[in-house]
Structures are given as C-alpha cells and as structure tokens.
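> Based on what follows, work out the 3D shape:
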Amino acid sequence: MPTKFDYRLLNENDTSLIFNFNSSIDNLAFVPRSPFKNISEAELLLSKFLKSMDDKTAIWWAFYSLRSGKPFGYGGLFEIDLENKRAEIGYGLLKEFWGRGFASSIVEIITLYGFEELKLHRIYGLVHPDNKASLRVLEKNGYSSEGTMHDYFFARGKFFDMCMVAKIMR
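Numbers count the residues shown, from 1 in each chain. Below is the predicted model:
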C-alpha cells in the first residue's frame, strides 16, 4: 500500500518541484526533454503552466506525501479542447517515488476529473515505448494503445518514438 498522498492545484510556489523533476536525467528517462540547468528554466515552465490554467487550456496539480508534506510529482490535463471534448494527460513523479503505486492513483484522479468535471469524451497520452510501467498504469486505468508514432519528438540529440494511448468515455 503506498504512502498516503494528497494533491492541490499547482501554484507560483512550485518552482522547486518543477526544477527537481526536470533537472534530473533519471526523472526524465522517458521524457523527450533536456534536463534543466538552472532554476529560471523551471520558473519559465511554471509560468507557462499557470498561464494555461488561467486560459482554461490545462489543469495541473502538485502531488505530495501526507507523511512528509514533500511534493513528489505533478500532473494534469493539457491541450484541453472543450469543443472537441478531448485533452492530453501528463504526469511525472520523482524517481525515488516510482514503483510505489502512486502513478495509478494519480492517473485515476486526473482521468475522473476529465470525464466527470470537464465532460471530456477522449483523454489521450503519449508514452515512450520503453516506459513499460507507465503503459501498464494507463492500461490498468482503461487506456488502450492506438499505435506508435515513430520519431515523434527530437530532444537530447535524438528522436523519440511515442506510443499513443487513449481512453474514450462511452
């Protein structure tokens, strides 16, 4: 049973969380992004997240341990398109929190919000094909594979394939 956690909307005080996740190549093992070198990169990404929340094109949460109060990841829905009733799911956990059962609960929370609160019809995600744990988490939450998009992202001097997964509210 994983340690209990809670979540709240991402806010302007989450720069260190964004930096801690995005500055580690271990955390980014399956993310097509170069690690941040300085805190200003995290400040810029956080400001983009907050602006997208203001614009209602995304919703992001910080997830934290109830025991320690320490944030261990963030996630949410972005590219929210209410006209077409779809959004992309994304989440990232600090590597020290991998394999503890958090991701499945987080995906469930985000997915329920998308379908119940936003009334979406489709939630999709892009996952590196080698990220078997994330693919299992999404499958456990009712997402199905829709195939692999080859050379979809370019980062860190190489191309990344990405698997498209989706859950459709029937």
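> What ranges does the chain have for its helices?
Ranges of helices in the chain, per DSSP state H, are 15-22, 39-54, 102-112, 132-140.
> relative to helix 15-22, how tilted is the second one?
With axes from the mean of the first three to the mean of the last three CA atoms, to 10 degrees defining the directions, helix 39-54 sits at 110 degrees from helix 15-22.
> Near His121, how many other residues are there?
Using other CB atoms under 10 Å, His121 has 15 neighbouring residues. Where you see a C-beta, it was placed from the backbone N, CA and C, and this is true even at glycine.
> Equivalent analysis for the one 4 residues further on, please.
By the criterion of other CB under 10 Å, Gly125 has 23 neighbours.
> Would you mind measuring from it to Ile18?
To Ile18, Gly125 is 20 Å away according to CB to CB, to the nearest Å.
> tally of neighbours for Ser24?
Around Ser24 there are 15 residues (other CB under 10 Å).
> coming back round to it: could you take the helices of the chain and lay them out as JSON lines, with extra columns for distance to Gly76?
Converted to JSON lines, the helices of the chain look like this (distance: least, CB to CB, whole Å):
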{"stretch": "helix 15-22", "distance to Gly76": "13"}
{"stretch": "helix 39-54", "distance to Gly76": "8"}
{"stretch": "helix 102-112", "distance to Gly76": "6"}
{"stretch": "helix 132-140", "distance to Gly76": "15"}
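> Export the ones you listed as a markdown table, with columns for mean pLDDT and distance to Asp81.
Putting the helices of the chain into a markdown table (pLDDT from 0 to 100; distance: least, CB to CB, whole Å) gives the following:
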| stretch | mean pLDDT | distance to Asp81 |
| --- | --- | --- |
| helix 15-22 | 98 | 24 |
| helix 39-54 | 98 | 12 |
| helix 102-112 | 97 | 16 |
| helix 132-140 | 97 | 20 |
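> looking at those, which is closest to Ile80?
helix 39-54 (8.4 Å; CB to CB).
> Dump the closest one to PDB, keeping only the CA atoms.
Coordinates of each C-alpha in helix 39-54 appear next as PDB, following Å, rounded to 0.1, in the frame of the first residue of the first chain:
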ATOM      1  CA  ILE A  39      16.000  27.500 -11.800                       C
ATOM      2  CA  SER A  40      15.000  30.100 -14.400                       C
ATOM      3  CA  GLU A  41      14.000  27.300 -16.700                       C
ATOM      4  CA  ALA A  42      11.700  25.900 -14.100                       C
ATOM      5  CA  GLU A  43      10.200  29.400 -13.400                       C
ATOM      6  CA  LEU A  44       9.500  29.800 -17.200                       C
ATOM      7  CA  LEU A  45       7.800  26.300 -17.400                       C
ATOM      8  CA  LEU A  46       5.800  27.000 -14.300                       C
ATOM      9  CA  SER A  47       4.600  30.400 -15.700                       C
ATOM     10  CA  LYS A  48       3.500  28.600 -18.800                       C
ATOM     11  CA  PHE A  49       1.600  26.000 -16.700                       C
ATOM     12  CA  LEU A  50      -0.100  28.800 -14.700                       C
ATOM     13  CA  LYS A  51      -1.000  30.800 -17.800                       C
ATOM     14  CA  SER A  52      -2.500  27.700 -19.400                       C
ATOM     15  CA  MET A  53      -4.600  27.200 -16.300                       C
ATOM     16  CA  ASP A  54      -5.800  30.800 -16.400                       C
END
